[in-house]
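# sequence and predicted structure below; questions after.
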Amino acid sequence: MSAPPLKKPVVTEREARQVAEAAREQDWRKPSFAKELFLGRFRLDLIHPHPLPTDEAVRRGEQFLSKLRDFCETKVDGALIEREARIPDEVINGLKELGALGMKIDPRYGGLGLTQVYYNKALALVGSASPAIGVLLSAHQSIGVPQPLKLFGTPEQKERFLPRCARTDISAFLLTEPDVGSDPARLATTAVPDGDDYVLDGVKLWTTNGVVADLLVVMARVPKSDGHKGGITAFVVETDSPGVTVENRNAFMGLRGIENGVTRLHQVRVPAANRIGPEGAGLKIALTTLNTGRLSLPASCVAAGKWCLKIAREWSAVREQWGKPVAHHEAVGQKISFIAATTFALEAVLDLSSQMADEDRNDIRIEGALAKLFASEMGWRIADELVQIRGGRGFETADSLRARGERAVPAEQMLRDLRINRIFEGSTEIMHLLIAREAVDAHLSVAGDLIDPEKSLSDKARAGANAGVFYAKWLPKLVAGPGQLPRTYGDFHPAGHPDLSTHLRYVERNARKLARSTFYAMSRWQGRMETKQGFLGRIVDIGAELFAMSAAVVRAELLRTTEGHGREAYQLADVFCRQSRIRVEELFGRLWTNTDDLDRKVVKGVLGGAYEWLEQGVVDPSGEGPWIADATPGPSEKENVHRRIR
């Protein structure tokens, strides 16, 4: 008999931070280009020469991409999926037959064993045909059952579940709850030990693939007891287990074909053999899985950028205003240049991060997070610019365009579909904080005790001594560097090409400036640094721009030496870097000149009702109901809307 479910945890801000900190990977066993960048050290040697896949990886990947492209062109009707808000069963079954469910699964378990690079190319390809299909496949493999089992599963678990995931079974990842998002310390779903089983109770929200999944990764809190460490723990759950109910299929502004729902777990018995890793390791497993799992979102953004560039090029060449194609008007031309240059940079960031993941020579936790952050923000801007270029037609639906005899270009759908990427798998705001924490890790490791109110005076004294030694060695290195020498990185200025060496020198100089700015901020705010989210966000955004510039330059040189588009690649990299440098200068200026303090005062006034008069004169079209749905554990009172693919 299981114990009654635990009450929803009530935690302080400090306790929540401690839970998140405990889930972090604490060690840096391998070098990290991005980590070094935030410390003011431009380690070009970590990314150049650009890592490359093996010949066998290319052969296997290109072979699958050829089959997948044919399938997308002949079997996938993206407009139908958008209209009906559902991926047809025959399409999903066709993907299964292709082996698309097992792209990242080792061949020994029936998978294709594709590299991260080709997995992302496949997601970009299929996502261009239907973004909903891209989400189905990435949720299944990037965060669903296969990836955590690959990293943390036992041999027995891999033998049991991976062959199913490779060919027949769709998986989903269940972490979020109606009142728990990026703050897992308040996780309310419980897993109570009972003999050789755990009994799960709780409600999970936004379960992508949950409506059609056969297997679930569920995060639940194990209560601490004799023989049980307790803590947030990961389990593989069979969807057809008694007590699992999909209570609702959610609908969204975009990605209308995704099978995302609300799943209730009531007295669901899960064998201890289905626990992934030890008790209490659930969040660490989730975060580690996301190190590479987040790269699926940049893949969709790269696909969107490529398509937006194609449509912008074709449309702007035929649409005339004032006697010439709109592309020849500077206001429109600037948008096209932004789309082209940024798409080049997005692909550079994605391919570099993915190849680094395959190579496994570097720690890419920051690179993967930066790729997700940068791509989701820039992908959205690219789509928005395409809608603006298309004008009224960009706002009109593809079906409406088709009905009146014009090409059915789904620009407005692209804008809707991409919007979620700024929220999926860590919102932009959460990504800022996550990356900022990693970026200042070196500082906290030597000086963290100085700003920790719970540390003793002796601990603070010891930390002060350690910090003195660290900064005595580190700070002088931030004064001068190779970025100040005019001929540094001369290999990136070949004859007849734009000079990209100047951009690498800019990155080197501004990496040191970024590190100095972080140090000044820590000196100024000390323990309050973690509350300066506006400042930290700008620090991270500067780092993202510097990383993207580095990736774009290195990719341009790779294409110059290996393919036939070197001159064009150099031009795109040059334009992107010049655009990026403008953004970097603005961000540096806003580090110290901003409205952060005033904003906090206004927010206090808004929440206190001081500006309610400003809300008068409108009608609220919202429906009735609570802001957050009731998630009290118990048996389901709704029909199970889970459906099996036939």
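Thanks, I have the structure now.

# tell me which residues of the helix or strand L350 falls within come out buried.
Assessed by DSSP states H and E, L350 sits inside helix 330-359. Within helix 330-359, the residues that qualify as buried are 332, 335-336, 338-358, counting by 16 or more other Cβ atoms under 10 Å. C-betas here are computed from N, CA, C, even on glycine.

# again with stretch 180-191
V180, P184, A185, R186, L187, A188, T189, T190, A191.

# of the residues you listed, closest to G426?
P184 (12.1 Å; Cβ to Cβ).

# leaving out sequence neighbours, find the closest residue to the closest one.
L283 (5.6 Å; Cβ to Cβ, 6 or more residues apart in numbering).

# where does pLDDT dip in the chain?
1-26, 320, 446-454, 460 (pLDDT under 70).

# and the strands in it?
In the chain, the strands defined using DSSP state E lie at 171-174, 190-194, 197-208, 215-222, 231-238, 244-249, 260-271, 275-276, 320-321, 324-325.

# and among these, the most buried is which?
strand 171-174 (a mean of 28; mean count of other Cβ atoms under 10 Å).

# hmm, who's touching that one?
With contact meaning Cβ atoms under 8 Å, 6 or more residues apart in numbering, strand 171-174 is reached by 139-140, 143-146, 165, 204, 207-210, 213-219, 263, 286.

# okay, now the sheet partners of it, with direction.
strand 215-222 (parallel) (DSSP bridges).

# gap between the strand it pairs with and the chain center?
Relative to the centre of its chain, strand 215-222 is centred 21 Å away, using Cα atoms, centre = their mean, to the nearest Å.

# could you give the angle of it to strand 244-249?
Per axes from the mean of the first three to the mean of the last three Cα atoms, to 10 degrees, the angle that strand 215-222 makes with strand 244-249 is 110 degrees.

# list the contacts of the closest residue to C308 other than its chain neighbours.
Using Cβ to Cβ, 6+ apart and skipping the chain neighbours, the partner closest in space to C308 is L386 (4.3 Å). Going by Cβ under 8 Å, 6+ apart, L386 touches C308, I311, A312, I339, G394, A411, M414, L415.

# tell me which of those residues is nearest to H443?
I339 (37.8 Å).

# so that closest one sits against A312, correct?
Yes - between I339 and A312 there is a contact at 5.6 Å, judged by Cβ atoms under 8 Å.

# what is in contact with the two at once?
E385, L386.

# count the residues that sit near T488.
17 (other Cβ atoms under 10 Å).

# which residues are in contact with it?
P482, S501, L504, R505, E508.

# okay if I get the residues you listed as JSON lines plus neighbour count?
As requested, the contacts of T488 are exported to JSON lines (neighbours: other Cβ atoms under 10 Å):
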{"residue": "P482", "neighbour count": "14"}
{"residue": "S501", "neighbour count": "18"}
{"residue": "L504", "neighbour count": "26"}
{"residue": "R505", "neighbour count": "22"}
{"residue": "E508", "neighbour count": "25"}
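
# among those residues, which are in helices?
S501, L504, R505, E508 (DSSP state H).

# now do the contacts for K513.
Counted by Cβ under 8 Å, 6+ apart, K513 has contacts G40, F588.

# try L216
L216 neighbours (Cβ under 8 Å, 6+ apart): 145, 171-174, 207, 210, 236-239, 244, 263.

# gap between M253 and I420?
8 Å (Cβ to Cβ, to the nearest Å).

# for the two, indicate the residue with more neighbours.
I420 (20 against 10).

# can I assume that one is in contact with L255?
Yes - between I420 and L255 a contact is recorded at 6.2 Å, counting by Cβ under 8 Å.

# count of residues packed around L444?
The burial count for L444: 18, using other Cβ under 10 Å.

# and of the buried residues of stretch 180-191, the nearest to L401?
Nearest to L401, judged by Cβ to Cβ, of the buried residues of stretch 180-191 is V180 at 41.6 Å.

# quick check: closest non-adjacent residue to the closest one.
R186 (5.0 Å).

# and that neighbour, how far is that from R221?
The value you get for R186 to R221, if Cβ to Cβ is used, is 10 Å.

# and what of E412?
42 Å.

# before we move on, what about A331?
Taking Cβ to Cβ, one finds A331 at 55 Å from R221.

# cool, and H432?
Taken as Cβ to Cβ, the span from H432 to R221 is 27 Å.

# please tell me I have it right and the residue nearest to P184 contacts R221.
No - using Cβ under 8 Å, L283 is not in contact with R221, being 10.6 Å away.

# mutual contacts of these two, please.
Counting by Cβ under 8 Å, 6+ apart, the residues touching both L283 and R221 are I232.

# okay, now G293: neighbour count?
Neighbours of G293 (other Cβ under 10 Å): 24.

# please shift the residue numbers so they start at 18 in all later answers.
Noted, 18 is the first residue going forward, which turns the last one into G310.

# and it, what is it in contact with?
Applying Cβ under 8 Å, 6+ apart, the residues contacting G310 are S155, S159, I160, Q164, E442.

# I'd say the second one and P315 touch.
Spelled out, it's S159. No - if you go by Cβ under 8 Å, S159 and P315 don't touch, sitting 11.4 Å apart.

# I'd say F88 and E114 touch.
No - counting by Cβ under 8 Å, F88 sits too far from E114 to count as a contact (9.1 Å).

# the more surrounded of these two?
Neighbour totals were compared for F88 and E114, and F88 leads with 19 against 11 (other Cβ under 10 Å).

# contacts only, for that one.
G111, L112, L115.

# which single one of these is nearest to R661?
L112 (15.5 Å).

# ok, now which ones touch that closest one?
Contacts of L112 by Cβ under 8 Å, 6+ apart are F88, L118, V143, I150, L154.

# isn't the residue nearest to V197 up against T193?
No - using Cβ under 8 Å, R203 makes no contact with T193, being 11.4 Å away.
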